[in-house]
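# quick one, what's the 3D model for this:
(3 chains)
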Amino acid sequence: MNSLIPLLVAAPLAGAALLLLGGRALDRFGHWLATALAALSFGFGLALFSDLLGRDAEHRTVTKHLFSWIPVNGFQADFTFRLDQLSMTFVLLITGVGTLIHLYSVGYMAHDERRRRFFAYLNLFLAAMLLLVVADNYLLLYFGWEGVGLASYLLIGFWQHKPSAATAAKKAFIVNRVGDMGLSIAIMLMFAEFGSFAFGPILGSEGAAGGAHQASEGKLTAIGLMLLLAACGKSAQVPLQSWLGDAMEGPTPVSALIHAATMVTAGVYLITRSSAIFDLAPDAQTAVVVVGAVTLLFGAIVGCAKDDIKKALAGSTMSQIGYMVLAAGLGPIGYAFAIMHLVTHGFFKAGLFLGAGSVMHGMNDEVNMRHYGGLRKYMPVTFVTFGLGYLAIIGFPGLSGFFSKDKIIEAAFAKGGTEGWILGLCALVGAAVTAFYMTRVMVLTFFGEKRWQPDEEGNAPHPHESPKTMTVPMVLLAFGSVFAGGLFAFNDSFLKWLEPVTGHEEGNSPLAPLTVTLLTTACMLAGVALAYLVYGRSPVPVVPPVGSPLTRAARRDLLQDDFNHAVLVRPGSALTATLVYFDSRGLDGFVNGLAATIGGLSGRLRRVQNGFVRSYALSMFGGTLVLVATTLLMRSV
Amino acid sequence: MNPVNYLYLAALLFTIGAAGVLIRRNAIVLFMCVELMLNASNLALVTFSRLHGTLDGQIIAFFTMVVAAAEVVVGLAIIVSIFRTRHSASVDDSNLMKL
Amino acid sequence: MSALLSATCAVPAAGAVLTAALPAGSSESRRRATKAVALGVSAVTLVLAAVVAARFEPHGDRYQLTESYSWIRSFGITFSLGVDGIGAVLALLTAVLVPMVMLASWHDADPGPAGPDGTFENRRRTQAFFALILAVEAMVIVSFYATDVFLFYVFFEAMLIPMYFLIGGFGDRAGGPESARQRSYAAVKFLLYNLLGGLVMLAAVIGLYVVAQDQGFGTFDLPTLASAVADGKLQLSGTAEKALFLGFFFAFAVKAPLWPLHTWLPNAMGEATAGTAVLITAVVDKVGTFAMLRFCLGLFPHASKTFAPAILVLALVGIVYGALLAVGQKDIKRLVAYASISHFGFIIMGIFALTSQGQSGATLYMVNHGLSTAAWMLVAGFLISRRGSRLIADYGGVQKVAPVLAGTFLIGSLATLSLPGLAPFVSEFLVLVGTFTRYPAIGIVATFGIVLAALYALLLYQRTMTGPVKDGVRTMPDLKARELAVVAPLVALTVLLGVYPKPLTDLVNPSVNATLSQVHETDPAPAHPVAATSGGEQK
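Numbers count the residues shown, from 1 in each chain, chains lettered A, B, ... in the order given. Reported below is the predicted structural model:
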């Protein structure tokens, strides 16, 4: 059965290779081929899942060694795959949501002349992401990690003719590279410390303690911080969050799959996977929760100010991943809930993005919510599915987001002490703001009067419901948004499933669970009410008002780009320019100066060569005299 | 007679030759002065041969003569052809070989 | 004594003579015949070099397939060849790249249009170009196979001659009226820099002989000298060893090129044709790094250890400096040159980290950098030949009109920035890990290189390939079959060696271990070792 694990990765990889190399012959059915291979991979995932379920809960780790990748003496990196409860969860999420989004893209990209290439990249993404989650060592994980970065680069910049898209793609890749630097340093640290970077030996497996227990806390903290840097890059956490908003330049299915449901959660996977390291390095854990808490507020504030529907959702993604990172930083109290929120978020955020894509599809690719309004009558399916996703994300009782987010807030309080209070309150405020900005999105898009504007070519929008290939995935994801949370929370089934991998502790919450739930719900309702008061009661201006300084800053992503520009980009380009000058004038100038000096000296010296035979004779004569005199002198001495 | 006197003569001849090369401008005279220096050294070589009682000096003197003869042939030819083209035998007039 | 190695060296040498002697003429058929002969010769060389690599037994003797012919007996100089894993791999790389370079430069040496009187400027251009490439190939392969210090020196220096003519005599179409002057400046600069290095090395070679002869080793035979040094039979005084080491190292560092001796490279690579630029950076410069590994470490182990930290710092500066300058370039080929300087920093760092990961990584890096830079530079050359400009600003939106060209250029860029899955990643990571285990701070700073690499590679891609289509680009044709035939194998090899580099590491590892034991150095042991492979049981 475990030979199916490589096939999991191989199926979409083969699809990518076929579509990229196959040429125009595949233009007609390539997208269906890609979708079928994604579905096949999902099928393999289900088969493996049922196999795992058939096993004893303690023995659900399966490995499959394929071949030796980089063997150099002590350095042994292998192509070994590992499937346990944690990776299984990801495999199902990735292939499941991935297949739905392939299906959606068939409709969404129907009119794009480079559709075959788009599907090739999507398949490439699936393969890389699956490799990331089934890798059995950190270097192979790094392979997948950068692979998804590449796919993300290609897909963000899919419409390369738009300079903004090309810039956004490059920015995403480079910011991610900074994170990748953290991952490579972490791997180097592990190799120097343990002589290995495979999961089993370091993290321990199936009850056996790994090498992490022997290492000093300082080393583990360093490794943990570097892993956190990597997670910040991939999961768009502060301070490496700046790329996610721009990444919305990509086609909407990409935003749904990569920049909402799967890839951006890789950081959470990394932290959870490395739980054995973080549990032994409390300082690193503190850094994780701080990053999570800051980002969840940061993203939420940005989400409140954006008029671009996708960027508002991107802010929300950042914020929700902040919740997951926060939970993962809490240690065994929170790991399982981080992953649970990750999965439910995968459903409802993918659904929301697909809904946004559907709206854009019907509105001539308009993204400004101030130009929407009253769309619920024209796009009923989109409205309902988007609405269900909306209720899920704000944590409306009974829907997916309610269960997972509530658990995280409880866990934050359960951290205990002042820390627990601060984190818990942050999470509560976040819940209120989430409700506010999502209600804003909902109201601006589907309610109120029409504020439609003609596009650049003067065509007035004719909103219409999207084709079946697009609505079916939306409906399925809406099902997930509604029921997944309840299913996971029922009898703590999700927790029990993950516990052998992540461990679990209850913590000691100062508040009763019911209190937290009530508080969360109250915060949520307050957020909804406030948004309704602001946007639902009075007409929305088409041209955005000036707004408070905070709003203006939030529209500019809380000045993150200005900061990066001032602190990194401008000094960087100044440095580069200086170095270019130094290289041509300094280093080369030194050498050229040397050459010029020698040339000048020779110029002086050649004056001696005046062409008069007799002066040559004189110099010969003088030279001979000197030689003779020297010889005589030397002999006499 | 003391053979050292021949050395004095050789030195005198060499000095005359050298001074002539440095002072005179006429190519023919210059040429003769060079010959004078060569012959002065020949005289010195032969004298040394006599002084040391070996034949080495005389052999070298023969070599020098052969080289001198060859040099005369080439040198005179050059001087004649220069004179033909420039109508002057002054060495200061042919100063084109400079950088 | 098989003559396999000398045959591998002799075939391209004979081919060079043959190609040069082929009848000249301006007719297309004559030129095509010349090119076909040269390509055929390089293909035979490739087969021979592959046979050498295949016959090499990784766990056998250090030097295999050895041959020795007497040459200058009174100084103990012999024409002796032998191959170790590193030499075999690098000679194979050379033999792989030369046919690619020839195919890519197929029309670079065609005579220009006929003058007003119907004559051509230089009727032997084509013959000369291809003969010179084969000459370079022969000399480089001898350098990789030479086991005699003096023999190595002779060919190390001799390859400057054909390279000088290749750089000075053949430029791309992008140059303006200034270009001939620029090109001769670049060629002279190349020659002077390398000649200076070579002369210092010559002094050191003679010095080594004098010192060794005093102790009864009147020979230039590398295995003899190296084992005598390792056994302590040949003892150099501290100062002498350091001076000799620096003499050798200086020559190799100029050629490699190590910061701050690098400034000839951007000029040479910028002005030469793309094919010649690949020869410079992917083939000729590798002799420098190869020689550091073989001669500096083998002959002067103590001095190597003494100077290692200083060299590592220079290499580190080179990594960051090269990358930063690449970001600031306006000229595509100069950008590639500065990127190469950064990469050579990694190679040298790997060698002097004195760990098995570092040195295996450095050796793989030489191969992988050769393949990936060749792909990147040759596609850049195709691009430049279409537009007739080297300036980045003259391009934009190429992917719209020539998607295959843009795609292969992207793969080249990704290889340059060491994307996992492509060959350069394997080597770069090994070098970083190998350096980190001994010098953590240097390893961490070097990691910044990977961010900067992403910056210059993707910035170049973005500026040339994406965005609105620029005017001069609008009618640009996509890659032709010949060009695709050049790029496809390079890309395939880059991918293959990125996923399955084991055949190479198997060849290289034993030689690297032998080199390390010569330096009396072992890998730093991990603080808390654990079983290297996964503990999870297989079910």
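
# mind listing the strands for chain B?
In chain B, no strands are defined using DSSP state E.

# sorry, that was for the stretch 101-250 of chain A
Counting by DSSP state E, counting those that start in this stretch, the stretch 101-250 of chain A has no strands at all.

# any low-confidence regions in it?
Across the stretch 101-250 of chain A, the ranges flagged by pLDDT under 70 are A:206-207.

# longest strand of chain A?
Ranking each strand of chain A by length (DSSP E) puts strand A:62-72 first.

# find the nearest non-adjacent residue to residue A:74, please.
residue A:195 (5.3 Å; Cβ to Cβ, 6 or more residues apart in numbering or on different chains). Every C-beta, even on glycine, is put in place using the N, C-alpha and C of the backbone.

# ok, now which ones touch that neighbour?
A:74, C:525-526, C:529-530, C:532 (Cβ atoms under 8 Å, 6 or more residues apart in numbering or on different chains).

# so where's chain B shaky on pLDDT?
B:97-99.

# the longest strand of chain A near chain C anywhere?
Yes. Using Cβ under 8 Å from any Cβ of the partner chain, strand A:62-72 reaches chain C at A:62-65, A:67-72.

# helices or strands up against the helix or strand just after that strand?
Using DSSP states H and E, the helix or strand that follows strand A:62-72 towards the C-terminus is strand A:75-83. Judged by 3 or more Cβ pairs under 8 Å, 6 or more residues apart in numbering or on different chains; DSSP states H and E, strand A:75-83 is in contact with helix A:4-21, strand A:62-72, helix A:115-134, helix A:138-156.

# and these as JSON lines, adding distance to residue C:157?
Formatted as JSON lines, these follow (distance: least, Cβ to Cβ, whole Å):
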{"stretch": "helix A:4-21", "distance to residue C:157": "45"}
{"stretch": "strand A:62-72", "distance to residue C:157": "33"}
{"stretch": "helix A:115-134", "distance to residue C:157": "48"}
{"stretch": "helix A:138-156", "distance to residue C:157": "42"}
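
# got a list of what residue 248 touches?
Chain wasn't specified; assuming chain A. The contact partners of residue A:248, by Cβ under 8 Å, 6+ apart, come to A:168, A:255, A:259, A:308, A:310-311, A:314.

# please go with chain C instead
By Cβ under 8 Å, 6+ apart, the neighbours of residue C:248 are C:201, C:204-205, C:291, C:295-296, C:299-300.

# which one of those residues has the most neighbours?
Neighbours here mean other Cβ atoms under 10 Å in any protein chain shown. Within the contacts of residue C:248, the largest count is held by residue C:300, at 28 neighbours.

# can you pull the contacts of the closest residue to it other than its chain neighbours?
Leaving aside its chain neighbours, residue C:300 sits nearest to residue C:245 (4.0 Å; criterion: Cβ to Cβ, 6+ apart). Residues near residue C:245 by Cβ under 8 Å, 6+ apart: C:296, C:299-300, C:303-304, C:307.

# circling back: ok, and what's touching the longest strand of chain A?
A:1-3, A:5-6, A:48, A:51-52, A:76-84, A:136, A:139-140, A:200, C:356-357, C:360-361, C:426, C:429-430, C:499-502, C:505, C:509, C:512, C:534, C:536-539.

# cutoff 6 Å now
Contact with strand A:62-72 is made by A:2, A:5-6, A:77-83, A:136, C:356-357, C:360, C:426, C:502, C:505, C:534, C:536, C:538-539, as judged by Cβ atoms under 6 Å, 6 or more residues apart in numbering or on different chains.

# hang on, the earlier thing: so for residue B:76, which of the helices and strands packed on strand A:75-83 sits nearest?
strand A:62-72 (79.1 Å; Cβ to Cβ).

# average pLDDT across that closest one?
Mean pLDDT, computed over strand A:62-72, is 88.

# now do the buried residues in that strand.
A:62-64, A:68-72 (16 or more other Cβ atoms under 10 Å in any protein chain shown).

# now it against helix A:4-21, angle please.
60 degrees (axes from the mean of the first three to the mean of the last three Cα atoms, to 10 degrees).

# run through the neighbouring helices and strands of the helix or strand where residue C:140 lies.
Taking DSSP H and E as the definition, one finds residue C:140 inside helix C:125-145. Judged by 3 or more Cβ pairs under 6 Å, 6 or more residues apart in numbering or on different chains; DSSP states H and E, helix C:125-145 is in contact with helix C:4-21, helix C:28-55, helix C:85-104, helix C:149-158, helix C:160-169.

# which strands and helices lie in contact with the helix or strand hosting residue A:627?
Here residue A:627, judged by DSSP H and E, is contained in helix A:613-636. On a contact count with 3+ Cβ pairs under 6 Å, 6+ apart, helix A:613-636 meets helix B:4-23.

# contacts for the helix it packs on, please.
Contacts for helix B:4-23 (Cβ under 6 Å, 6+ apart): A:614, A:617-618, B:30, B:33, B:36-37, B:40, B:43-44, B:47.

# show me how to select, in ChimeraX, the buried members of these.
The following ChimeraX line selects those of the contacts of helix B:4-23 that are buried, judged by 16+ other Cβ under 10 Å:
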select /A:617 /B:30,33,36,37,40,43,44,47
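
# helices - which of the contacts of helix B:4-23 land there?
The helices, defined by DSSP state H, take in A:614, A:617-618, B:30, B:33, B:36-37, B:40, B:43-44, B:47 from the contacts of helix B:4-23.

# redo those residues as a markdown table? Include distance to residue A:446.
Supplementary listing: these in a markdown table, determined by distance: Cβ to Cβ, whole Å:
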| residue | distance to residue A:446 |
| --- | --- |
| A:614 | 107 |
| A:617 | 107 |
| A:618 | 106 |
| B:30 | 113 |
| B:33 | 117 |
| B:36 | 120 |
| B:37 | 116 |
| B:40 | 121 |
| B:43 | 125 |
| B:44 | 121 |
| B:47 | 126 |
